[in-house]
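In: Fold the following for me, if possible:
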Amino acid sequence: MRYLPLLLLCVACAVQAQMPGQVVASGTVADEASKTAVLAKLREVYGADKVLDQITVGQVTTPANWNDYVQKLITPDLKQVSRGQLKIDGTSVSVRGEVANEAQRQRIASDFASRLNPTYTVSNGLRVSVADQGVLDRTLANRIVEFESGQAVLTPAGKSILDEMAAAMQKLKGQKFEVIGHTDNVGLRLSNQNLSQARAEAVRNYLAGKGIPAESLVATGQGPDRPIASNDSADGRARNRRIEFRMVQ
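Out: Okay, here's the model as predicted:
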């Protein structure tokens, strides 16, 4: 049985978009009535001038009551997602894009699932807005969290930076963070990998001691595999020996 791929794009940032907030609806539906219903619902939610029709009608098979379920998914909730995509492929539904916070990310996917019958699956590809990531980036401000040479022991300067990071994370309540350790390429790769992991864990433990819930912190060591500068100079190697902070999606 061939189910149709119906692709609904909130593509303010995509090449196809001709104006901010434009929605591109594309894919194949079984008949003109289905196409008309989808477009009408999108125009109701986003406005007639924001919907670009790229839907075609073809020989495809849809699950029972498919049109009704599509209507239930096209709701104002989608307007909370920026740079997003909703794909409905038979009984598989995936939603991607950016939302304001973790609570919103989970609620939207949960609400989608509650509107469908159990034969449908929902894949949550939503991510927290880069605005929250920006809070972390601005706080770190390209500074290096320092450790004792060759060790996973924070220096006073390193702890000072982490005090600022903890204060920033406190403002992003309910979020999860990844602490990523990096090294230069001097020495054995396995040793560098282990050191980067140990340093990331040291940072996680320090932040937990400053009131950040331990369950919201993930420590990862990348060793020398993701340099941001050339390892051919002392300055480049120093830049590569760093701690990175990322929102967990």
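
In: What is the burial count for the nearest residue to Asp163 once chain neighbours are set aside?
Out: Spatial nearest neighbour of Asp163, chain neighbours left out: Lys210 (6.8 Å); criterion: Cβ to Cβ, 6 or more residues apart in numbering. Every residue, glycine included, has its C-beta placed from N, CA and C. The local packing of Lys210 (other Cβ atoms under 10 Å) involves 15 other residues.

In: Please point out which parts of the helix or strand containing Ala238 sit buried.
Out: For Ala238, the element it lies in under DSSP states H and E is helix 234-240. Going by neighbour count (16 or more other Cβ atoms under 10 Å), the buried part of helix 234-240 is 237, 239-240.

In: quick one, helices of the protein?
Out: 32-46, 66-73, 102-114, 130-140, 156-171, 189-209, 234-240 (DSSP state H).

In: on that earlier part again, check which helices and strands the helix holding Ala238 is in contact with.
Out: Packed against helix 234-240, as judged by 3 or more Cβ pairs under 8 Å, 6 or more residues apart in numbering; DSSP states H and E, are no other helices or strands.

In: which other residues reach it?
Out: 144, 182-186, 224, 227-231 (Cβ atoms under 8 Å, 6 or more residues apart in numbering).

In: on that earlier part again, looking at the helices of the chain, which is nearest to Ile88?
Out: Closest to Ile88 of the helices of the chain is helix 66-73 (Cβ to Cβ; 5.9 Å).

In: tell me the angle that closest one makes with helix 32-46.
Out: 0 degrees (axes from the mean of the first three to the mean of the last three Cα atoms, to 10 degrees).

In: just to revisit the earlier point, for the helix holding Ala238, C-alpha coordinates in PDB please.
Out: Written as PDB, here are the backbone C-alpha positions of helix 234-240 (Å, rounded to 0.1, in the frame of the first residue of the first chain):
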ATOM      1  CA  ALA A 234      50.500  27.400  20.500                       C
ATOM      2  CA  ASP A 235      47.700  29.900  20.300                       C
ATOM      3  CA  GLY A 236      45.600  27.500  18.100                       C
ATOM      4  CA  ARG A 237      46.200  24.600  20.500                       C
ATOM      5  CA  ALA A 238      45.200  26.800  23.400                       C
ATOM      6  CA  ARG A 239      41.900  27.700  21.600                       C
ATOM      7  CA  ASN A 240      41.200  24.000  20.900                       C
END
